[in-house]
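K.L.:
Okay, predicted coordinates and the sequence, questions at the end:
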There are 2 protein chains.
Amino acid sequence: MSSQLGIEVKKDADFSTWYTQVLKRSEMLEYYEEVSGCYIIRPLAYNIWQEIQSFFDSAIKKMGVEDTYFPMFVSQRQLEREKDHVEGFAPEVAWVTKAGSSDMENPIAIRPTSETVMYPYFSKWIRTHRDLPLKLNQWCNVVRWEFKKPQPFIRTREFLWQEGHTAHFTKEEADAEVHQILELYRQVYEDLLAVPVIKGVKSEKEKFAGGLYTTTVEGFIPTTGRGIQAATSHCLGQNFAKMFEIVVEDPNALANSEGKEAKKLHVWQNSWGITTRSIGVMVMIHGDDKGLVLPPRIASVQVIVIPCGLTVRTSEEEKKRVEEKINDVVKELNSAGIKAKADLRDNYTPGFKFNHWELRGVPLRLEIGPRDLKNNQTLSVRRDNGVKEAIPLDKLTTCIPETLNTIHKDMFEKAKKIYDEHVKVILKWEDFVPALDGKNVVLVPWCEQEHCEDKIKEKSSRSNTEQEPEDDKAPSMGAKSLCIPFEQPKEPAIVPGETKCISCDGFAKRYALFGRSY
Amino acid sequence: MSSQLGIEVKKDADFSTWYTQVLKRSEMLEYYEEVSGCYIIRPLAYNIWQEIQSFFDSAIKKMGVEDTYFPMFVSQRQLEREKDHVEGFAPEVAWVTKAGSSDMENPIAIRPTSETVMYPYFSKWIRTHRDLPLKLNQWCNVVRWEFKKPQPFIRTREFLWQEGHTAHFTKEEADAEVHQILELYRQVYEDLLAVPVIKGVKSEKEKFAGGLYTTTVEGFIPTTGRGIQAATSHCLGQNFAKMFEIVVEDPNALANSEGKEAKKLHVWQNSWGITTRSIGVMVMIHGDDKGLVLPPRIASVQVIVIPCGLTVRTSEEEKKRVEEKINDVVKELNSAGIKAKADLRDNYTPGFKFNHWELRGVPLRLEIGPRDLKNNQTLSVRRDNGVKEAIPLDKLTTCIPETLNTIHKDMFEKAKKIYDEHVKVILKWEDFVPALDGKNVVLVPWCEQEHCEDKIKEKSSRSNTEQEPEDDKAPSMGAKSLCIPFEQPKEPAIVPGETKCISCDGFAKRYALFGRSY
């Protein structure tokens, strides 16, 4: 392969260059030179997306959600039907205005999200409460032509996601689903990607444009000290239902009425999405100075088996025995459901191969040489912490799955410990910015007022502008609210009407998580 | 549900209205009113696409193909790099020219196919013959802004497909893969969708723009007598490799040379794709006057179980026993891997439910009532031919899978017989147009010259224009070559230098399949 080997900068020294090098040299991603802000998701990364799809799609199907596909195009008229919504998205919408050599009569938008594409049909398909709940999902690409500095996976002009859109008869049902989905997002991050997240609800300022409330799982990038929105599950309330006339007849009113037209009730709607950003978060958190570190459950190669200890004096016969054993080991592991692979390339040294697969983040390496055959064992080397252990060759199918599970657990716990250490409970404004500067996010008593949030952003910004920093070395932007966590600090408890907001004269309602963020 | 029940026209009487009604009322598809030529693929149809994906993706992964995702945008400069290619696609390209409220500096095309998106990176990633073969595939949407009359699934401005793109060191390897993939496409059609196809190679006029040769599986819609291209597997030769400079060093030259730069060899490339058109072909072939008829292997509900024989005199207890039995049956079938579902809705009659599920094409219905419980049996009714059979309740998990297999086999064989009957070997021009008018496609001795193909089209067109007919009732367009089948008629054999072309003065090379087509 033509890519350069090895990472030339330290993660801590130049995070932004490190991130780009890891992605490119591990062959996860390629920069797309033709269109800025677009990237090529290569097989190593796309496979992770497919693992996420497979887990999430089967989980939502159990909840009765059905997959569908709506067109990627939306007319200006539909896009503008919900006022707050269009205000939120209009500045980033890409417009198709020409087909072949002809100008179109009306420009057509590419979906930035599909509420306005889908809901006219919700209105058409939903007539009675028996048509509820309607639960649809689609896996697709969306386009948001952002003018902020793009970053692979994290902020891209085209990205892949799933978007779920559901309609319910009661608010209670809608609320319950919002939290069920949020829990699935937590599982994607924590149980697949080994990435810890904090669940909470967004502030009014940060909620989905046009929705009622937004729940979120928030991640954290320790190297930059910045928070990152990981996935969101919105309750849209009845707002879109009103704009798009999604109504059912009131079943109770029907029973009471005598011939007059039954009362119409607006449905309650949710929408929820997780994107390929998740892959970038995982890379940023687990990667190290040698390259990628992949959590075992999403790695396309979980175990790489490499012949070692072969020298110029090794007989052809012995070499053949080693290679045969390696092929047997791979076969045995594969039949046990483990994604194992042999690297028997002739023209590379073991050391070269170690680097090659470390760069690509393979969770576990097995080394097998002539001496191992004699001792009936193999040396296993963990990618995440370098720990080496001899494993008897006849216990592979019990030992290796255990080791892979331990690797997942250790990676998650390590990341969780770091996140926990960087969430600082701050009670006085003087400590707010220094805590951010120390690469933390902060939990603060907050009044939950929008103007106060604006003020906090302004006061915590070094440059007093809203500009994104040029790169991660200069986090000069202000802090915004990341979420109001469901799990609140116990001590010191907020006393209603007594505890003051961290920033303004109002009273604090709850602790909110603030931070500089992506 | 709000959709109207039942199909109001006969398939034979008004095929075009029938097709639309079947798709809409079965809830397979909805017309998207905002953008002409775009449609909503609803869960019943999207599930079929997912079944196709699941089969095909696992088959190509076994061949070493890896899934990837490239951006949907391509610059004008790249798009125009291969001359024949851009000439083929340019008239249908959709252009993005605005983002938010700003005009873009350079318009950006939405991919009509991804050769020009991907191959600059093939050039970057491929350096030596050890980087070969490179085998990538992506599942995505593409846009071809056709101005011909759109038809759901069959001709749509946005559609879903997979596109495989591979590079090989030798022509032999590339050729072999072209045919391996074509065989998988045959399997998708014949073994999943129960749709017979004919394998062959496209004429020079009909081959992929910029490629070396195109192989195809060609289907047939008996009701209209028109052929339909079902999926294509192209060998691109070295043409794109030359335009995009995809080269490797000659490994032999390396060994011989003494310090001078090694000779560069262009790689051999293939591309291949199957689209959501396949769903439309399946509907057109199997559907009947009652609605959809789904082949069992792609049906999301394979067996619907309906309580029957309950009257006003049936006791609540007995009714409960029937429903419990039905739930048990469904559970038992589900554990045996059969997609069964109960319809226990209270407010509908059995007759209503029969129609409901027949419209939706469910392959097998089971009826269970009080008398069936006593006799320990259930009445099964096949959707494809209406055949009824009593099945002992304790033999469901052996009988039902057999019946489903039989249904698939019967559906395929019925369609195959009809296709075979409508492929007419024609040896004289006078019989050509009458055969087409009789709703056939024709196998004719042909010289394989492009100007002759143009002439045939002209001579077989009633109106002598190239316009599409307004609908399927008026197939006035001329015939084009569908393919040159790999399996040639044995009698009468074509004698080189002796057998005349069906249309011109030249000698025939092989039999070609001509027909009016979609």
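P.N.:
That came in fine, so what should we check first? Numbering: from 1, shown residues only, chains lettered A, B, ... in the order given.

K.L.:
Show me what the one helix or strand A:Arg321 maps to packs onto, helices and strands only.
P.N.:
Here A:Arg321 is covered by helix A:316-335, with elements defined by DSSP states H and E. If you count contacts as 3 or more Cβ pairs under 8 Å, 6 or more residues apart in numbering or on different chains; DSSP states H and E, helix A:316-335 packs onto strand A:303-307, strand A:340-342, strand A:364-368, helix A:370-375, helix A:396-421. Just so you know, the C-beta spots here come from the backbone N, C-alpha and C atoms, and that holds for glycine as well.

K.L.:
The last one: which residues count as buried?
P.N.:
Spelled out, it's helix A:396-421. A:396, A:399-401, A:403-404, A:407-408, A:410-412, A:414-415, A:419 (16 or more other Cβ atoms under 10 Å in any protein chain shown).

K.L.:
which of these lies closest to chain B?
P.N.:
A:Leu404 (21.3 Å; Cβ to the nearest Cβ).

K.L.:
Enumerate every residue touching that closest one.
P.N.:
By Cβ atoms under 8 Å, 6 or more residues apart in numbering or on different chains, the contact set of A:Leu404 is A:Pro296, A:Arg297, A:Gln302, A:Val303, A:Ile338, A:Pro363, A:Leu364.

K.L.:
what about 7 Å?
P.N.:
Contact analysis of A:Leu404 by Cβ atoms under 7 Å, 6 or more residues apart in numbering or on different chains lists A:Pro296, A:Gln302, A:Pro363, A:Leu364.

K.L.:
near chain B at all, the host helix or strand of A:Ser16?
P.N.:
Counting by DSSP H and E, the element that carries A:Ser16 is helix A:15-25. No. Judged by Cβ under 7 Å from any Cβ of the partner chain, helix A:15-25 makes no contact with chain B; its nearest approach is 10.9 Å.

K.L.:
Are there helices or strands packed against the next helix-or-strand element following that helix, and which ones?
P.N.:
Per DSSP H and E, helix A:15-25 leads on to strand A:29-31 as the next helix or strand towards the C-terminus. Where contact means 3 or more Cβ pairs under 7 Å, 6 or more residues apart in numbering or on different chains; DSSP states H and E, strand A:29-31 is packed against strand A:39-41.

K.L.:
After the helix or strand hosting A:Asn106, heading C-terminal, what element do we hit next?
P.N.:
In the assignment (DSSP H and E), A:Asn106 maps to strand A:102-110. From strand A:102-110 onward toward the C-terminus, using DSSP H and E, the following helix or strand is helix A:115-125.

K.L.:
Direction-wise, compare that following helix with strand A:102-110 and give the angle.
P.N.:
Counting by axes from the mean of the first three to the mean of the last three Cα atoms, to 10 degrees, helix A:115-125 lies at 80 degrees to strand A:102-110.

K.L.:
hang on, the earlier thing: elements contacting the helix holding A:Ser16?
P.N.:
Using 3+ Cβ pairs under 7 Å, 6+ apart: helix A:15-25 touches helix A:277-286.

K.L.:
Any part of the helix it packs on near chain B?
P.N.:
No. Judged by Cβ under 7 Å from any Cβ, helix A:277-286 stays clear of chain B, getting no closer than 11.2 Å.

K.L.:
ok so, going back, out of the helices and strands packed on helix A:316-335, nearest to B:Asn327?
P.N.:
Among the helices and strands packed on helix A:316-335, helix A:396-421 comes nearest to B:Asn327, with 36.4 Å by Cβ to Cβ.

K.L.:
what mean pLDDT would you report for the closest one?
P.N.:
What helix A:396-421 shows for mean pLDDT is 98.

K.L.:
follow-up on the earlier one: hmm, who's touching the helix holding A:Ser16?
P.N.:
Against helix A:15-25 from outside (Cβ under 7 Å, 6+ apart): A:3-4, A:7-11, A:29-30, A:152, A:223-224, A:283-284, A:287, A:291-292, A:359, A:471-472.

K.L.:
Report the buried members of those.
P.N.:
Among those, the ones that count as buried (16+ other Cβ under 10 Å) are A:7, A:9, A:11, A:29-30, A:152, A:223-224, A:283-284, A:287, A:291-292, A:359, A:472.
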